[in-house]
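1. Pasted the sequence and its predicted model underneath.
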Amino acid sequence: MKQNHIHHYHRHMSISYPVSVRQRLYSLILTPVIVLVLVFVVVQLLGKEVVHGGPEISIGYISIALLTTFGRLVVSYFLALMLAIPLALLINKSPKAERILLPLFDIMQSVPVLAFFPVVILFFVHYGLYNGAAIFILLVTMMWSIVFSIVGGLRVIPQDIKEAAHIFGVTGPSYVRQILLPAVFPYIVTGSLLAWAGGWNIVIVAEVLHTYMPAGSNVQDLFGIGSLLVSSSASGDQNVFFVSVSLMIVFVAFLNFFIWQRLLKYAERFKFE
Amino acid sequence: MDIISFNHVSKTYQPGNAIALSDVSFAVEKGAFVCFVGPSGCGKSTVLKIIAGLETQTAGEVEKPDKVSMVFQNAALLPWLTVWDNVVFGLKAKGMPERHIIIETSKYIEMTGLQDFVAKYPHELSGGQRQRVGIARALAVNVDVVLLDEPFSALDTATTEELHKDLLRIWKQTSKTIVMISHSIEEAVSLADSVILMKAGHIEETFPIMLPRPRREQGGLFMHDVQTIRNKFFV
């Protein structure tokens, strides 16, 4: 059961990078264009009223909101990474920790973050730590795919590599630094890719904090692309909504093209044959 | 002088007390080339792992040097390191000074004929070249005993024969003690000073090979020794 569980995640993590120019261009240009056209059509079909006369929102303002959200995701991602790596190493090292933590993590990654941690979120909000609340939501969302991916990666390190490390005296922290971390690098990349996808998905939930508060208002929301999408949608401001979605899609496509695809390609070098 | 000795060594695995080794005794002289042959599951890998310190016996006495090195069946190179860094890998762990690392690594890179490949990664090398890197890495750490775990089993005949010649040359140059396991009786007879035949966890017989090298050129005499071991192997 446990093995199947890990294999399930391992299969899930086996993302390959687009190798041909056509595939890479497709992911950079065609996918965002197709999604944008779909969003535009949906907005046109569903938009019944257009509100004018509200505060003027420029593309610069939306871009800053997008970058603010991105900054929040970056902080959450690195915190998630810093927690996920030691947790995965602990699961790999100790069968007892594996027996306890793996099923626990499986439950936690399956159930929405808000169902588990409303008290923690309310704690942050109560003390005015709105960014803390958002980062906590994003961190908990992003962490699991990285943990499970690394655990899967640690399982497939060939036995002779472990034996070679032992024979050549590479043990303890050197073993972690010289063998384990490079060996799981491709799995960190694929886990991170999924973590970021989850992060962008949950960003609305993370920034629109007033929904957790009794009698809350959108004053308590965090400035960012997530809250901007919700407020523009609620006020029927189709232009802001469409520009926000468009900028977000283009930004995510650029991130995929310039960071993740390159990292996936670079990670190929770290894979055992 | 013996550098390795097994005295009534047994090894059982839990659960189920599966017997891997049963009352195994042998000795290897310093500077000798010994090869274990036998069918799959006969215990030859367990012998090698005990010498390597990867496993411990459940009974009997083992005398061996604290530090040995090993060449693996699939080379066991780190794919993210270049040829140079793979050879350096073991030396760095020993905390050698940088100057010493460069001298030793260069020496064994040259000895194994890898001068033109130092900046290559393992995936850019052929199977034979990868095994050369494995051999260079094992030699560079400067230990008395080098273990070889079926290092040529995945290679084609021409590459294997080329590596056999190089291995014998390196062995003579360095005077290391070599303990090898092989599934090929021909390979064992062509390389080793003595061939130890194992069956079902015990030593069936030890065959000293007295032929001068290169042995394959001995024709009938070589085949006679091979056939003698083969007759015992298949009984």
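-> Arrived safely. Residues are numbered from 1 along each chain as shown, chains lettered A, B, ... in the order given.

2. where along the chain do the helices fall?
-> You didn't say which chain, so I picked chain A. Along chain A, counting by DSSP state H, helices occupy A:2-13, A:21-25, A:31-46, A:59-93, A:95-110, A:113-116, A:118-126, A:130-155, A:159-167, A:172-175, A:181-207, A:225-234, A:238-255, A:261-267.

3. I was thinking of chain B, sorry if that wasn't clear
-> B:44-52, B:83-93, B:98-111, B:127-140, B:157-174, B:185-191, B:220-233.

4. okay, the helices of chain A, which one's buried deepest?
-> Sort the helices of chain A by mean neighbour count, taking mean count of other Cβ atoms under 10 Å in any protein chain shown, and helix A:130-155 sits at the top with a mean of 24. From N, CA and C alone the C-beta is placed, and that goes for glycine too.

5. That one: how far from the chain's middle?
-> 8 Å (Cα atoms, centre = their mean, to the nearest Å).

6. Pick the most deeply packed of the helices of chain B.
-> helix B:127-140 (a mean of 25).

7. Any idea how far that helix is from the middle of the chain?
-> With Cα atoms, centre = their mean, you get 12 Å for helix B:127-140.

8. Remind me what it packs against, helices and strands.
-> For helix B:127-140, the elements it packs on are strand B:68-71, helix B:83-93, helix B:98-111, strand B:145-149, helix B:157-174, judged by 3 or more Cβ pairs under 8 Å, 6 or more residues apart in numbering or on different chains; DSSP states H and E.

9. contacting residues around stretch A:103-113?
-> Residues outside stretch A:103-113 that contact it (Cβ atoms under 8 Å, 6 or more residues apart in numbering or on different chains) are A:His5, A:Leu87, A:Phe116, A:Ile137, A:Val140, A:Thr141, A:Trp144, A:Ser145, A:Val147, A:Phe148, A:Ile202, A:Val205.

10. what about the most centrally placed residue in chain B, distance to B:Leu48?
-> For chain B, the residue nearest the mean C-alpha position is B:Leu148 (1.8 Å; Cα atoms, centre = their mean). Distance, B:Leu148 to B:Leu48, using Cβ to Cβ, to the nearest Å: 8 Å.

11. Return every residue with contacts to both of the two.
-> B:Met70, B:Val179, B:Ile181.

12. how about the residues of chain B near chain A?
-> Residues of chain B lying close to chain A (Cβ under 8 Å from any Cβ of the partner chain) are B:52-54, B:67-70, B:72-74, B:76, B:78-80, B:89-90, B:93-94, B:121, B:123, B:137, B:141.

13. Filter these down to just the buried residues.
-> B:52-54, B:68-70, B:72-74, B:76, B:78-80, B:89-90, B:93-94, B:121, B:137, B:141 (16 or more other Cβ atoms under 10 Å in any protein chain shown).

14. thinking again about what came up before, figure out which of the helices of chain B is closest to A:Val243.
-> helix B:83-93 (49.4 Å; Cβ to Cβ).

15. Output the closest one as CSV, restricted to C-alpha atoms.
-> Taking Å, rounded to 0.1, in the frame of the first residue of the first chain, the C-alpha atoms of helix B:83-93 are listed here in CSV:
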residue,chain,number,x,y,z
VAL,B,83,34.9,12.4,-15.5
TRP,B,84,37.5,14.4,-13.5
ASP,B,85,35.1,15.1,-10.6
ASN,B,86,34.0,11.5,-10.5
VAL,B,87,37.6,10.4,-10.0
VAL,B,88,38.2,13.2,-7.5
PHE,B,89,35.0,12.2,-5.6
GLY,B,90,36.8,9.6,-3.4
LEU,B,91,39.9,11.6,-2.8
LYS,B,92,38.0,14.7,-1.6
ALA,B,93,36.2,12.6,0.9
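
16. Would you mind measuring from B:Thr157 to A:Ala65?
-> Applying Cβ to Cβ to B:Thr157 and A:Ala65 gives a distance of 67 Å.

17. Show me the shaky parts of chain B.
-> Residue ranges of chain B with pLDDT under 70: none are present.

18. Now A:Gly224. Nearest residue, chain neighbours left out?
-> Spatial nearest neighbour of A:Gly224, excluding adjacent residues (Cβ to Cβ, 6 or more residues apart in numbering or on different chains): A:Thr69 at 3.8 Å.

19. how near is that neighbour to chain B?
-> Shown here: A:Thr69 relative to chain B, a distance of 34 Å by Cβ to the nearest Cβ, to the nearest Å.

20. close enough to count as contact, that residue and A:Ile202?
-> No - using Cβ atoms under 8 Å, A:Thr69 is not in contact with A:Ile202; the gap is 11.1 Å.

21. Show me the residue sitting in the middle of chain A in space.
-> A:Trp196 (2.2 Å).
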